[in-house]
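Novice: here are the coordinates; sequence isn't available:
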């Protein structure tokens, strides 16, 4: 079947028509996604109780916003979409913002809070980080440098399906400077809301604290999946 | 093995030290990635020869820039990385910019230029787009609306490993508003450099032209891989 | 009179109230601004007729979008404004985008297209640029470098009321990386829509062409006003 | 005197030349600006001592970064400036970032911390805000809504030399979504670093607190200057 010529023709006609066409009622899509929030169930002395509670509320807010944006997108006017003054465009931008906010927070909560966790030299995580940065310490230094560089944002170690290797990414806010095709493995939130109540402007101590309590068994699970994805990508 | 406490301690000491520590010479990493450019070998009447030639030069420039940024990152100072005045930070931002520019252009060149290609109702591509947008025409309309919305950027249909479904993404420039965990399937460049020489400000006609010559067998290959990735994600 | 405590109290009460408060009808503001478009009436061989005509249409579109955004802002819900999912927020962002687009285009059209115009060494423009860049040629080189640096955007020489001197600014798109308190003096559009139809990717030749036909008497008028503003700022 | 044709010709020649031209040594500019930091000398119960001390350090950091960027710009290579991989471009972006950070913080510190200050109905500030928003309360509501909308950023009431009226601006980070030609009058910092240590995620209470202690005599001074600037603009 050829791409729908009828649809295209009708849209062109409408666009050229002098008479305004009445807006067609958009059927509500059945598949609007609904996302559930994660719980920030972290046993740690690195972040105060009040700080973690506020963070949990933040995440719940992002998930709620994401679901609202998703519902609004279902019926948003697509005919008039344009770069300058378009509710549809704005909802798509907010979708990316809240999508990353919701999922990165979930991944972050899941991979910290394990002060007794250890990385072992025979783990996949250790081997891949050592392979792609030269040695494990270089990954650490690069990760810290990326975390220090974010302009209120995130540092994420991820598998790049483009480069076919692991890379560290510096994110500003939630969705600026993000490479496509990246599967997150290690995620540390570097927004000021994460550390200001406990560390004020000492972001470096906060990042060290998070790195000391990375959950390496959770990370190993992610690397295992990433390696299976890598095999698909390279097949 | 625990995360390198020695390194962390030394860095904390240095940070607290009154005496400035001489910068340590960074060994050049062996693994700096080198990326090859794609050829824009498109048989099409939708874009003029001069327009395609200029586009090829643009892509070559992005690949060159990406490799240069990668090389510079090898030896960039990570100790002083910060959000406000840091060559390291700027290189990481440029890495994301050129990485997306290089790979999205490659994916774009590869999935257009096939005016005789047809999408069949029993293809995976058709079925997945129909499933995730309600019907195939809705995907078309959403894709067009996203393309019209980009503020000089891209429209990308991709598989979201977060939402476990296909979504359309509106990218501004090359790396703004990008969700993590997205595997690109269908890519149309909506920068003005793509269509201005041939269509001036009529972006809609350009998008229609590109959609009429999508290479559905190339897209099918990508969906097949995405489906295998989906299985890993959901396992 | 103290800042309206009553209003603040009522807003706090509403925020804390269990019972949802019915949205109050916002009176339409009388002062919604209405902006008129400028005409791109340029006698030049540097840009083709079709290119200038398309540019004029673009500007008209921005002015239309700006007026629409302004009208929508009049009645937008301010109570629920938030950073993540808020029509009000999105309208404010679009206001900045279209405001700069409309006015920078107007300033640009007004200050090019005069191939016979000359800058004289005793003009205020010449003297101020020479003063703030060391010499006039350095301003030229800096201006060209800024134009080459924009990631689809603008190069603007302006008087900074913060720094109390003239500076060159690199703008991405229309409103990214803009310093506050800047009065534009010389404006060259570096979006691809400006030069692609005539110069393809050769932005440098386009910038040279624009610089050769800067309207220095128009620029002088702007500098004269900027100097009077400078006196106010420094008083 | 015509714009320097010699320089342009030489640059074109160099650009076209097969033989790479040795980089010319750039003379250090004499006029590199040096900016002094402001002191956050605020008598207030709305922000804790530790929070204000951290904020002062932040501002000092921005001023230091701005001066460093300015010094680096003096000798940065302008010949190779480009949108994708250019130290010059990155310094210009950082200049805008730190310039706004430094000056907006200064303006903010100066216009809060006066809990006993009152706005009088016969002040210029009151009259202009009432004129441009319909009434003073509407300005308040709009200002609060803008503050709530910033994605880690600023709310700024400013005089727009484009629109010839006062407007509220929502800034993300320090330099995103900023209209040109705006003279700041009332500035409230809405980065999380401002309120998180004292208010956690309750930004609304923080904004109310700041509005209750706006320094209306400082604001009046700014409006008086803005009015004189308005006269120049409209002359």
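Specialist: Ah, there it is. This one's a predicted model, so the numbers in the text were calculated from it and none came from an experiment.
Novice: can you pull up the most central residue in chain A?
Specialist: Geometric centre of chain A, nearest residue: residue A:100, 3.2 Å, by Cα atoms, centre = their mean.
Novice: what parts of chain A come near chain D?
Specialist: Contact residues, chain A versus chain D (Cβ under 8 Å from any Cβ of the partner chain): A:50-51, A:54, A:57-58, A:97, A:151-152, A:172-173, A:191-193, A:196-197, A:200-201. In this view, the C-beta of every residue, glycine as well, is placed from N, C-alpha and C.
Novice: can you do 6 Å?
Specialist: Applying Cβ under 6 Å from any Cβ of the partner chain, we find that chain A lies next to chain D at A:54, A:58, A:151, A:152, A:173, A:192, A:193, A:196, A:197, A:200, A:201.
Novice: distance of the closest residue to the residue nearest to the centre of chain A other than its chain neighbours relative to residue A:210?
Specialist: If the residues on either side of it in the chain are set aside, residue A:100 comes closest to residue A:174, at 4.2 Å by Cβ to Cβ, 6 or more residues apart in numbering or on different chains. Residue A:174 sits 18 Å away from residue A:210, going by Cβ to Cβ, to the nearest Å.
Novice: now swap in residue A:121 and tell me
Specialist: From residue A:121 to residue A:210 the distance is 22 Å (Cβ to Cβ).
Novice: also residue A:143?
Specialist: Taken as Cβ to Cβ, the span from residue A:143 to residue A:210 is 10 Å.
Novice: what do you get for residue A:166?
Specialist: 18 Å.
Novice: before we move on, what about residue A:202?
Specialist: With Cβ to Cβ as the criterion, residue A:202 and residue A:210 are 13 Å apart.
Novice: neighbour count: these two, which is higher?
Specialist: For residue A:202 versus residue A:210, the count of surrounding residues by other Cβ atoms under 10 Å in any protein chain shown is larger for residue A:210: 25 against 14.
Novice: isn't residue A:154 right next to residue A:171, touching?
Specialist: Yes - assessed by Cβ atoms under 6 Å, residue A:154 is found in contact with residue A:171 at 4.1 Å.
Novice: picking that back up, how about the residue nearest to residue A:100, what does it touch?
Specialist: Counting by Cβ atoms under 6 Å, 6 or more residues apart in numbering or on different chains, residue A:174 touches A:97, A:100, A:101.
Novice: which of those residues fall in helices?
Specialist: A:97, A:100, A:101 (DSSP state H).
Novice: can you put these in JSON lines and add pLDDT and distance to residue A:130?
Specialist: Formatted as JSON lines, the ones in helices among the contacts of residue A:174 follow (pLDDT from 0 to 100; distance: Cβ to Cβ, whole Å):
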{"residue": "A:97", "pLDDT": "98", "distance to residue A:130": "34"}
{"residue": "A:100", "pLDDT": "98", "distance to residue A:130": "28"}
{"residue": "A:101", "pLDDT": "97", "distance to residue A:130": "31"}
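Novice: what's in contact with stretch A:61-74?
Specialist: By Cβ under 6 Å, 6+ apart, stretch A:61-74 touches A:28-29, A:32-35, A:37, A:91, A:94-95, A:98-99, A:101-102, C:84-85.
Novice: with stretch A:196-212 instead?
Specialist: Residues outside stretch A:196-212 that contact it (Cβ under 6 Å, 6+ apart) are A:46-48, A:51, A:112, A:144, A:147, A:188, A:195, B:3, B:8, D:54, D:58, D:192-193, D:196-197.
Novice: in that stretch, what counts as buried?
Specialist: By neighbour count on 16 or more other Cβ atoms under 10 Å in any protein chain shown, the buried set for stretch A:196-212 is A:196-201, A:203-204, A:206-212.
Novice: how much space between residue A:192 and residue A:146?
Specialist: On the measure of Cβ to Cβ, residue A:192 and residue A:146 end up 17 Å apart.
Novice: who's in contact with residue A:115?
Specialist: So residue A:115 contacts residue A:213 (Cβ under 6 Å, 6+ apart).
Novice: so it: helix, strand or coil?
Specialist: coil (DSSP: H, G, I helix; E, B strand; the rest coil).
Novice: gap between it and chain C?
Specialist: For residue A:115, the distance to chain C equals 32 Å [Cβ to the nearest Cβ, to the nearest Å].
Novice: please apply the same query to residue A:211.
Specialist: Counting by Cβ to the nearest Cβ, the gap from residue A:211 to chain C is 28 Å.
Novice: now swap in residue A:94 and tell me
Specialist: 6 Å.
Novice: my read is that residue is in a strand, agree?
Specialist: No - according to three-state DSSP, residue A:94 belongs to no strand; its state is helix.
Novice: for the nearest residue to it once chain neighbours are set aside, give me phi and psi.
Specialist: In space, and not counting its chain neighbours, residue A:94 is closest to residue A:69: 5.0 Å by Cβ to Cβ, 6+ apart. The phi and psi values for residue A:69, taken as degrees, to the nearest 10, are phi -60, psi -40.
Novice: chain C contacts on chain A?
Specialist: A:65, A:68, A:69, A:84, A:85, A:90, A:94, A:98.
Novice: pull the contacting residues for the last one.
Specialist: If I follow you right, that is residue A:98. A:62, A:65, A:66, A:69, C:84.
Novice: surely residue A:60 is in contact with residue A:37?
Specialist: Yes - applying Cβ under 6 Å, one finds residue A:60 in contact with residue A:37, separated by 5.0 Å.
Novice: okay, buried residues for the one helix or strand residue A:62 maps to please.
Specialist: In this structure, residue A:62 sits in helix A:49-75 according to DSSP states H and E. Neighbour counts over helix A:49-75 (16+ other Cβ under 10 Å) mark A:51-52, A:54-56, A:58-67, A:69-73 as buried.
Novice: rewinding a little: please identify which of residue A:192 and residue A:146 sits among more neighbours.
Specialist: residue A:146 (27 against 22).
Novice: and the helices in chain A?
Specialist: A:5-16, A:49-75, A:87-111, A:124-133, A:136-149, A:192-199, A:203-212, A:216-234.
Novice: out of the ones you listed, which is closest to residue D:138?
Specialist: helix A:87-111 (23.4 Å; Cβ to Cβ).
Novice: pretty sure residue A:105 contacts residue A:57?
Specialist: No - using Cβ under 6 Å, residue A:105 makes no contact with residue A:57, being 11.2 Å away.
Novice: what is in contact with those two at once?
Specialist: Joint contacts of residue A:105 and residue A:57 (Cβ under 6 Å, 6+ apart) do not exist.
Novice: returning to what we had before: next one: the residue nearest to residue A:94 from chain D, what distance?
Specialist: Counting by Cβ to the nearest Cβ, the gap from residue A:69 to chain D is 14 Å.
Novice: how close does that residue get to residue B:74?
Specialist: From residue A:69 to residue B:74 the distance is 40 Å (Cβ to Cβ).
Novice: and residue A:151, by the same measure?
Specialist: 23 Å.
Novice: same thing with residue A:173?
Specialist: Distance of residue A:173 to residue B:74, given as Cβ to Cβ: 28 Å.
Novice: over to residue A:113?
Specialist: 33 Å.
Novice: coming back round to it: residues contacting the residue nearest to the centre of chain A?
Specialist: A:174, A:175, B:179, B:180 are the contacts of residue A:100 under Cβ under 6 Å, 6+ apart.
Novice: so where's chain A uncertain?
Specialist: Applying pLDDT under 70 to chain A flags the ranges A:1-32, A:41-43.
Novice: give me that answer again for 80
Specialist: A:1-34, A:36, A:38-45 (pLDDT under 80).
Novice: between the two ends of stretch A:119-135, what distance do you get?
Specialist: Start to finish, the residues bounding stretch A:119-135 are 14 Å apart (Cα to Cα, to the nearest Å).
Novice: just confirm yes or no for that stretch near chain B.
Specialist: Yes - shown here: stretch A:119-135 in contact with chain B (Cβ under 6 Å from any Cβ) through A:119, A:120, A:121, A:132, A:134.
Novice: who wins for most neighbours among those residues?
Specialist: residue A:132 (22 neighbours).
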